[in-house]
Structures are given as structure tokens and as C-alpha cells.
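[1] The following block contains a protein sequence and its predicted model.
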Amino acid sequence: MTNNFERVLGKGGFGTVYHGYMEHTQVAIKMLSPSSVSLLMRVHHKNLTSLVGYCNDETNVGLVYEYMANGNLLDHLSGLAAIELKYISSILTWEDRLRIATDAAQGLEYLHCGCKPPIMHRDVKSTNILLNENFQAKISDFGLSRKLLTHDGTHASSLLAGTPGYLDPEFYLSNRLNEKSDVYSFGVVLLEIITCRPVITRTHERIHISQWVGFMLANGDINSIVDPRLEGNFNTNSVWKAVEIAMACVSTNAIKRPSMSQVVVDLKECLATEYARTKHSRVGQFENPNGLMPDNSIARLTPSVR
């Protein structure tokens, strides 16, 4: 299937992931590490990578996943993504970013609310959000996922997990993770989507992305926070709302973080606001092929300051 493990797609919690074929269908083969624990057979959602099957040849055990043609989110945020072994320069629009964020949030919501008992991903990050040929986002890599019911009825885990920068700061105090830990990690990803900055700035100060956004918010200028490559092509209110959602998710106090269900609702509002803007823009260009905005419409279309 993998042509003797010829092409590596990445590495995850289970082990190395290889490109392969089932007849004429492209798939991703994840080779299991000896300590891996799989909960995947009972997990099915449009925003989670689909498990096609598994193979066991007595020497190796591998999981067979659907192939995600457009790679991971981080590569696309960087503006240079490897697609079918070719590097393609592209910049995701604000509408694209909101749609991807909403897809990923829905995947996590399913793990938290649609599975009984709830499942924690425990390693949510931009490289674990994959994009298919239609740029639909799906959460991948459940190698670190665990379910655990504590004596007080809450779900938590003390097993080492996560990635520096994405890991819930409360973990360092309590050595425990819960659903709100995934919310924190998702908030970091959302800040990446908005700013396109590294999670931790590699300077002598090592500033976390949430700290940087907090500093910039004090100035009240949203344009200094958003990825400058978008060149202002977004609804200001939509961006403000997205930043508010992200900062709530990365609150140092887990109690103050929203649930993933609330995050999904709020992101859908952001997406609807941006979609209304882009739809209006497309209609305007159709009616005015030169792309020139009538003078009397400038004030009406200018986003209000929040």
C-alpha cells in the first residue's frame, strides 16, 4: 500500500504517517507505536479524519485514513503549502480562515459533547488540523486522546500530553487536563489563524501569541493584530468578534473559558457576518464591472469602529 513506506506525510501520536493507495484511492497510513491506545472505531464526524480500516501483517499494525490532499493548516497559514509534492504559494482569505476554524471547532465539539463519555484530544494544534481537496478542515491525530471519569464525575487526565505553547497553563499547576484544556489549545490555534504569527516568538523574551495580542488590544487597533497579508480585506466586526472568542478561550482561568459548543455558535456568527460582506461585494462587482464604488455608498460600507 505504501510502496515500502516510500513517502512520509508526517508524524503523530500513534507513529509515522505514510502516503499509500487502496487500489486507485489515495489514503494515509498511520503506523501504530506499541503504546498507542485507539478510540477511533466509535468516533465518526465530518470534521474528524475518517478511519477507512486497519491492517495487521504480524510485524506492523497500521491505521488506514482518508487522504487529506491539502495538508495541514499551519502550512497554509505560512503561505507556502506542499500539495502533491509541489509547493504552492497561497494566502487564505478571512472567510476561508473562519470556515476552517468553524470546521475544527465542530470536530472538537463532537469529541466533547457527541461522545459518551467525552473524549479529550489533548494535542490540538494547527498541524493537527488537516484540509481535504475542498479545504474542509478535519481534526486528526488522536494518539494522545483519552477518556477518564474522575471520582467527582468530571473527565480529566494526568498523562503527559500536549505541545509547548498550546498546552493549558493550568496543567503545570494541577498536572491535570480536561475539556477546557482543549478549548485553550483551540484558542491558540484561532490566534494563529487571525495573526499568522508563531505561537511563541523565538526571541530572548519568548513572547506567547496570546500575550502579544493582549498588548496590541490595548491600542484598540485591529489592523495591527490581523495578518497584514489580508490587506484589510475583512469585516472589522467579524475580526473583533473572532479575537474576543480566541482571548476568552486562552484565559488562564479554565472556568472563564467558553465551551466548544459556545465557540461554534460564536464562530458561525463571525462567518455569517463576513459572508454577508463578501456576498455584497460580489454583487456590487457584478453590477459595476469596473469595480468602482459609488461615492454615496462609501459611508454605508465602511465598517464601524468597535
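    Received it, and whenever you're ready, just let me know what you need. Residues are numbered from 1 along each chain as shown.

[2] Relative to His208, how far out is Ile200?
    According to Cβ to Cβ, to the nearest Å, Ile200 and His208 sit 6 Å apart. From N, CA and C alone the C-beta is placed, and that goes for glycine too.

[3] who touches both of the two?
    In terms of Cβ atoms under 8 Å, 6 or more residues apart in numbering, Ile200 and His208 are both contacted by the residues Gly165.

[4] show me where the stretch 201-306 of the chain has helices.
    For the stretch 201-306 of the chain, the helices defined by DSSP state H, counting those that start in this stretch cover 209-217, 236-249, 260-287, 298-301.

[5] weakest of those by average pLDDT?
    Sorting the helices of the stretch 201-306 of the chain by mean pLDDT places helix 298-301 lowest, at a mean of 32.

[6] Tell me who's in contact with Tyr110.
    By Cβ under 8 Å, 6+ apart, the neighbours of Tyr110 are Val43, His45, Asn47, Leu48.

[7] ugh, wrong one, Ser126
    Contacts were defined as Cβ under 8 Å, 6+ apart; by that measure Ser126 touches Asn72, Leu73, Leu74, Leu77, Val189, Glu192, Ile193.

[8] Show the pLDDT at it.
    We have a pLDDT of 96 for Ser126.

[9] Tell me which of the helices of the stretch 201-306 of the chain sits nearest to Leu108.
    Leu108 lies closest, by Cβ to Cβ, to one member of the helices of the stretch 201-306 of the chain: helix 260-287, at 4.8 Å.

[10] quick one: the closest one to chain centroid distance?
    Computed by Cα atoms, centre = their mean, to the nearest Å, the chain-centroid distance of helix 260-287 equals 19 Å.

[11] Ok, stretch 120-132 next?
    6 Å.

[12] got the end-to-end distance for it?
    23 Å (Cα to Cα, to the nearest Å).

[13] ranges for the strands of the chain?
    8-11, 16-22, 25-31, 51-56, 61-66, 80-83, 86-89, 129-131, 137-139 (DSSP state E).

[14] which helices and strands does the last one pack with?
    In other words, strand 137-139. helix 94-109, strand 129-131 (3 or more Cβ pairs under 8 Å, 6 or more residues apart in numbering; DSSP states H and E).

[15] which one of the ones you listed is the most hemmed in?
    Most buried of the helices and strands packed on strand 137-139 by mean neighbour count (mean count of other Cβ atoms under 10 Å) is strand 129-131; its value is a mean of 26.

[16] what's in contact with it?
    By Cβ under 8 Å, 6+ apart, strand 129-131 touches 49, 68-73, 76, 100, 104, 137-140, 189.

[17] From those, list just the buried residues.
    Buried members of the contacts of strand 129-131, counted by 16 or more other Cβ atoms under 10 Å: 49, 68, 70-73, 76, 100, 104, 137-140, 189.

[18] Quick check: Asp227 vs Asn70, distance?
    Distance from Asp227 to Asn70, counting by Cβ to Cβ: 19 Å.

[19] for the helices of the stretch 201-306 of the chain, which one sits closest to Asn132?
    helix 260-287 (18.4 Å).

[20] Measure how the closest one sits relative to helix 94-109, angle-wise.
    Interaxial angle, helix 260-287 versus helix 94-109 (axes from the mean of the first three to the mean of the last three Cα atoms, to 10 degrees): 160 degrees.
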